[in-house]
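Student: this one's sequence-less:
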Ligand SMILES: Cc1ncc(COP(=O)(O)O)c(C=O)c1O
Ligand SMILES: Cc1ncc(COP(=O)(O)O)c(C=O)c1O
Ligand code: FES
Ligand code: FES
């Protein structure tokens, strides 16, 4: 294949040309600071307002409930730390899961060092959070339940509505890290009883360095980034107008194409999964069979190691990942794969392929052939494999 | 004038075409997550490394001491809050000044609510921090001195080297908010004994939503944004590669043109200042006569109010500001102007003009004429003015 | 940020100036923002406002509301003038941004202060008019989240 | 992230495989990353390594260092092979990224383990060779700030 086959859309996505187009004027011409008095900059304020409206609309939220941040990670930090601070009178207990992104897990660990207590609820072998465990974990001091909408590694979609209902019944705030789900799955914050929701631009063909936190009206959360009066005094820092405009455009496109995109991705994904499972021995699919993101496939190939697999795929022009991108500098096996019960050495041999509607069926077929070849080659080199 | 005369470069600056050019490929083609294994994304890692080197070089720092953030505000929050946390064993006292940006002041106020003590040192009538007061404020429990390099409203440049020496002699960390100075003034972190330095891309013709924190090697500061292992595990969140590349380019250009640019700006600025002071009655220049940013002029016109002045200037195609941009939604007179001793009603009539080397002498002359006309008109409407 | 009507009254404010030997003069300041407005009324023996002038040290909205308020009271009776609220002024201007609502109060209060001065000078009592404060400051709203 | 030499040895690893009835076999695991390497040595009566093969379950660097290490010891005496350090292997590969240094230790240790096995089988003692651990794990560096 001449063309690079990019199958790492969960790590990041290319910015769509229409999005770049929408952003461009805001770099060089309409560059003004939207907080300024002069008309020239006031136009930028309306561009920000329009993006906020598009995003709010996509969630069934009000524009005043959307606060722009620098990305999903900041949104997660903000939601969790400032809920902890604002509601510390009520209690010091937080419930989350073992398979959250590090942006949530490390934030919770930080809070644990500062007097908070955190319960990390288990998931089943498909990566679905155990609702009975979650319910049992609730204490009178529980102030927050934080469960990701969809997992970034194995793609499992959580029963968010049920969790929202549990939270609501118990008078506990509910945060969801929807970085992987927003723009890929239909979300309604009211239907799902979501109080706080994190999302990020670069996962939906928008720019990097922009995200938002949805904060339900009435919540007492304060700022996490202190300073100027931007974002209604809740998130300081000169507004990143081009990125906000680009994010708005990306959301508009993602919403408009969602159904069609999902349909195409599902077809490709299911073909890929069924053929890999049928044609490669000693392989398992990680994550839920049905309740999974339409673009996610995650396999564990026994007896081989992920990085070698990735480099060999790269040599064949296929970009993929093993574990999450931001931990690929790390040597530990993925905490998500361990949480669904994989032993270390099998977790090591995992491969995540996250598609887009830009991929063709021919490319998927090529990928299947290459995976078979490479797995075979690596196994022949493995001291663990005796055939 | 047909052309918009943009005199609000302290609020934000246009992104230079060369900078946009440098960023563009990283949106659509080289969009990969630099933490990935495949070669295609590894190229992005080197682009980030190159930008880091350019920036480090501009400060006399090492690349490993530069941490990218989402802007000056985040850098200030990080520097101050995490120093407070990391060194809380040593003490709980911070020294800063009355004229810091809100990103520093509101962060300090936040810390005051959490058991820290903060001394806000006074400045003299030119906006220069009182060094004797600063020295006297030092306690055995002082862990941080945070003084901005140059003020965003009145342009006064602080005696940073002396402050750095005081901090060093007393074994106290020294942070400087150099958002207005970086790229405009020569800075050497070692010569000035700076331990922590904040800067922002959009103040030097780079993109918005990107900044950095310089952290001297050996400091024990932890992350402020928790999550993935980016930025050597100190600042989580997918790297904003296009913005980092653009920031690097902007720094490269700013450093290369600094001398020439300053020369031109000084000429324009001094012409503007001398003519306004000579031709308009009841006016004063705010900030230091000499120790000020080469592009900053700040006047107070007695008997008139800033917003009206700004709107009338806008009607003449002149973009300016009164107080800092991010507080222009606010009704309080600038805390900086009050700190240099202006009474409320005079602080209200202030005008900040911040130039760039893109401005011509003809434009400056036009601006002077218009200011004279408008000030006269507003005064004729003012109940405070009896001529 | 401002409507066209506001900008029109800001660019071409009506009734700027002073009235010598005015029947009533009122000056009020806004404690919230430090701005100041003065209204001069020329009221004839039939209690009709024959002329009105203003001077304002204040923001764009302050100038525009002064201008509009003077337009609204001109030719009216004292009682009619008293009924001109800041809401009426804002409506006539097609609205103001939320942070600028207090500016319109300045205009209402300045008219009241001028009417009070007129009443005092003439030893009369105007029904429904209370002694104006020197500094007005609206009820601080809770910061809205 | 890897040098050309590393990529070359990764793409075309030398000496992959097994040796039946090898003079010595050593298997080591890296406690840090969970990876495993096995080395087979064929040593003649003059203590010369006639042949060497490896199998690796590990990252790109592990494969490349296995390959390079086997190249470096092939044809050498036992004592010469013992002197092949992970540093020598890394140098021969034009370096490794810092997080991958430990992978090269795997190769060094696997050779040592195979030599130990050879010595035990033959009831000899090799000067300077210590009993290998099953799992190696380098001294944890302080996280560098
Ligand atoms: C589930 C999840 N949460 C949070 C993040 C962090 O988002 P960002 O890198 O935009 O800060 C990511 C992606 O990296 C993610 O997949
Ligand atoms: C002195 C100073 N510090 C901090 C900031 C905040 O920077 P940013 O808006 O990029 O977060 C600014 C500008 O807004 C500034 O002028
Ligand atoms: S801000 Fe003072 S009158 Fe409008
Ligand atoms: S990471 Fe395990 S051997 Fe390299």
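Tutor: Perfect, thanks for sending it. It should be emphasised that the depicted structure is a prediction, and the values quoted were computed from it without experimental measurement. Ligands and ions are numbered 1, 2, ... in the order given.

Student: and residue C:129, which of the three is it?
Tutor: Classification of residue C:129 by DSSP: H, G, I helix; E, B strand; the rest coil places it in coil.

Student: Could you report the pLDDT at it?
Tutor: According to the prediction, residue C:129 has pLDDT 90.

Student: Could you double-check that it lies in contact with residue C:117?
Tutor: No. Taking contacts as Cβ atoms under 8 Å, residue C:129 lies outside contact range of residue C:117: 10.8 Å. Placement of C-beta: from N, CA and C, glycine included.

Student: Comparing those two, which shows the higher neighbour count?
Tutor: residue C:117 (20 against 17; other Cβ atoms under 10 Å in any protein chain shown).

Student: check contacts around that one.
Tutor: C:24-26 (Cβ atoms under 8 Å, 6 or more residues apart in numbering or on different chains).

Student: shouldn't residue C:97 be in contact with residue C:2?
Tutor: Yes. Judged on Cβ under 8 Å, residue C:97 makes contact with residue C:2 at a distance of 7.4 Å.

Student: what about stretch A:301-319 and ligand 4, any contact?
Tutor: No. Stretch A:301-319 lies out of reach of ligand 4 by Cβ under 6 Å from any ligand atom, never closer than 6.7 Å.

Student: mind listing the strands for the chain?
Tutor: Answering for chain A, as no chain was given. A:5-6, A:66-69, A:93-97, A:117-121, A:142-146, A:173-177, A:196-200, A:211-215, A:283-285, A:296-301, A:318-319, A:350-354 (DSSP state E).

Student: that answer is for a different chain, and I need it for chain C
Tutor: With DSSP E as the criterion, chain C has strands at C:24-30, C:36-43, C:49-57, C:135-136.

Student: In JSON lines: these, plus mean neighbour count, mean pLDDT and distance to ligand 2.
Tutor: JSON lines is the format used below for these (neighbours: other Cβ atoms under 10 Å in any protein chain shown; pLDDT from 0 to 100; distance: least, Cβ to the nearest ligand atom, whole Å):
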{"stretch": "strand C:24-30", "mean neighbour count": "22", "mean pLDDT": "91", "distance to ligand 2": "27"}
{"stretch": "strand C:36-43", "mean neighbour count": "24", "mean pLDDT": "95", "distance to ligand 2": "30"}
{"stretch": "strand C:49-57", "mean neighbour count": "23", "mean pLDDT": "96", "distance to ligand 2": "28"}
{"stretch": "strand C:135-136", "mean neighbour count": "16", "mean pLDDT": "64", "distance to ligand 2": "32"}
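
Student: To ligand 4, which of those strands lies closest?
Tutor: Smallest distance to ligand 4 across the strands of chain C (Cβ to the nearest ligand atom): 67.7 Å, for strand C:24-30.

Student: what does the closest one rub up against?
Tutor: Contacts for strand C:24-30 (Cβ under 8 Å, 6+ apart): B:383, C:35-41, C:43, C:58, C:102-103, C:105-106, C:109-119, C:121, C:132-137.

Student: number of nearby residues for the residue of chain A found nearest ligand 2?
Tutor: Across chain A, the shortest distance to ligand 2 (Cβ to the nearest ligand atom) belongs to residue A:238, at 3.2 Å. Neighbourhood size, residue A:238 [other Cβ under 10 Å]: 26.

Student: what's the distance between it and residue B:178?
Tutor: Residue A:238 sits 16 Å away from residue B:178, going by Cβ to Cβ, to the nearest Å.

Student: With residue C:39 instead?
Tutor: 49 Å.

Student: List the residues that contact residue A:304.
Tutor: Counted by Cβ under 8 Å, 6+ apart, residue A:304 has contacts A:349, A:375, A:378-379, A:382, A:385, D:57.

Student: what stretches of the stretch 1-150 of chain A score poorly on pLDDT?
Tutor: Low-confidence segments of the stretch 1-150 of chain A, defined by pLDDT under 70: A:1.

Student: Any residues of it in contact with ligand 3? List them.
Tutor: Counting by Cβ under 6 Å from any ligand atom, the stretch 1-150 of chain A has no residue next to ligand 3.

Student: show me where the stretch 1-150 of chain A has helices.
Tutor: With helices called from DSSP state H, counting those that start in this stretch, the stretch 1-150 of chain A shows them at A:17-23, A:25-28, A:39-59, A:72-86, A:102-112, A:131-137.

Student: Buried deepest among those, which one?
Tutor: A comparison of the helices of the stretch 1-150 of chain A by mean neighbour count, using mean count of other Cβ atoms under 10 Å in any protein chain shown, puts helix A:72-86 on top with a mean of 26.

Student: Quickly check: that helix near chain C or not.
Tutor: No. Helix A:72-86 does not reach chain C (Cβ under 8 Å from any Cβ of the partner chain); its nearest approach is 10.3 Å.
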